[in-house]
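Novice: Provide a 3D model corresponding to the input given below.
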Amino acid sequence: MGGILQKTICEQEMIYQYLRNRPCRVVSLTELCDYLGLGKYSNGKDKKDVVSRHIKALRKDHPNIKPRKDGVELVDTIPADGRVLAELASMKTELVASRIEFSELKAMVAGVVEMLAAPVVTGSGIPESGTKGKKNTTKASALDDRSPLLAAIAEAHKQGRPYTKTGRPGSNGIHARRAELPAPFCSIGRDRLERIVTELLQDGEVVQDEAGFLSVPCP
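Specialist: Below is the predicted model of the structure:
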């Protein structure tokens, strides 16, 4: 039973990642079946039925996955401010579940609000010079050092519990398990963390197998 559940979760994560890499494009069920490597089931059940059930389950957590005549499409339907609020709510819920002290949670949320409220230089997205700008620069400098994150990804793979780039709470998604990551990566939002992982993948510092699991290649 556990093996079947793990396979289901893995296939759903693969589908979601596949759609995220192809935003605003209709992906057919046949294409998803081929990507998952599904064949005709022995009991006569069609492989498209399996993919359809995965899509139905994913849409409960990702309403921006929209059914289309010839398949499904991942669209960006969440306003920017709504996405930020949803991210903060998710952060608060998961940190409380992880028994993070309220004072730490309050400081983290306040830091996010301060960063959002900081004035920016037109067209750059970077806070203007001053105290707030210096604080953000310090944090940005810490994020520039990816070696602690690489070490955490390598250790998770070594222990047989590798991360995936994306994933719902309770899955192997790197953001879902960010409490295991070293600072400052344990306290940044989903989009930013996944963007960093994408950059590491593009640079070849991290690789991803067919199931979506991350590892650090040998030097």
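Novice: Residue 176 in helix, strand or coil?
Specialist: Under DSSP: H, G, I helix; E, B strand; the rest coil, residue 176 falls in the coil class.
Novice: Model confidence at it, what's the number?
Specialist: Confidence at residue 176, expressed as pLDDT, is 88.
Novice: So what does it look like in phi/psi?
Specialist: Residue 176 has phi and psi values of phi -60, psi -30 when expressed as degrees, to the nearest 10.
Novice: Begin at 14, not 1, for the rest of this chat.
Specialist: Got it, the first residue is 14 from now on, which makes the last one we talked about residue 189.
Novice: wait, doesn't it sit right on residue 178?
Specialist: No - assessed by CB atoms under 8 Å, residue 189 is found out of contact with residue 178, at 11.0 Å. C-beta here means a position set from N, CA and C on the backbone, and glycine is covered the same way.
Novice: Counting neighbours, go ahead and name the busier of these two.
Specialist: Taking neighbours as other CB atoms under 10 Å, residue 189 and residue 178 compare with residue 178 leading, 23 against 19.
Novice: how close does that one get to residue 25?
Specialist: Residue 178 sits 14 Å away from residue 25, going by CB to CB, to the nearest Å.
Novice: need the strands for the protein, in chain order.
Specialist: Using DSSP state E, the strands of the chain run over 78-81, 84-87, 220-221, 227-228.
Novice: Which parts of this structure are helices?
Specialist: With DSSP state H as the criterion, the chain has helices at 15-33, 42-49, 60-74, 93-110, 115-130, 144-157, 160-171, 203-216.
Novice: what's next to the third one, contact-wise?
Specialist: To tie it back to what came earlier, the one meant is helix 60-74. The contact list for helix 60-74, computed with CB atoms under 8 Å, 6 or more residues apart in numbering, reads 21, 24-25, 28-29, 42-43, 45-46, 49, 51-54, 78, 80, 85, 181.
Novice: Quick check on those residues: which are buried?
Specialist: 24-25, 28-29, 42, 45-46, 49, 78, 85, 181 (16 or more other CB atoms under 10 Å).
Novice: Surely residue 42 touches residue 81?
Specialist: No - with contacts counted by CB under 8 Å, residue 42 stays clear of residue 81, the gap being 10.1 Å.
Novice: quick one: low-confidence parts of this protein?
Specialist: Residue ranges of the chain with pLDDT under 70: 14-17, 52-58, 89-155.
Novice: and it, what are its domains?
Specialist: Split into domains by automatic domain parsing, the chain comes to 15-87, 93-141, 158-232.
Novice: Of the ones you listed, flag the one that's most buried.
Specialist: Compared across the domains of the chain, domain 158-232 shows the largest average neighbour count, a mean of 16 (mean count of other CB atoms under 10 Å).
Novice: so which of the strands of the chain gets nearest residue 204?
Specialist: Closest to residue 204 of the strands of the chain, according to CB to CB: strand 84-87, at 14.4 Å.
Novice: Outside of that closest one itself, list whatever touches it.
Specialist: By CB under 8 Å, 6+ apart, strand 84-87 touches 32-33, 35-42, 44-45, 68, 75, 77-79.
Novice: just stretch 160-171 next, same as before
Specialist: Contacts of stretch 160-171 (CB under 8 Å, 6+ apart): 175-176, 187, 190, 193-196, 198, 209, 213, 218-219, 226-229.
Novice: Kindly recompute the last result at 10 Å.
Specialist: With contact meaning CB atoms under 10 Å, 6 or more residues apart in numbering, stretch 160-171 is reached by 155-156, 159, 174-176, 185, 187, 190-191, 193-199, 206, 209-210, 213, 218-220, 222, 226-231.
Novice: All good on my end, thank you.
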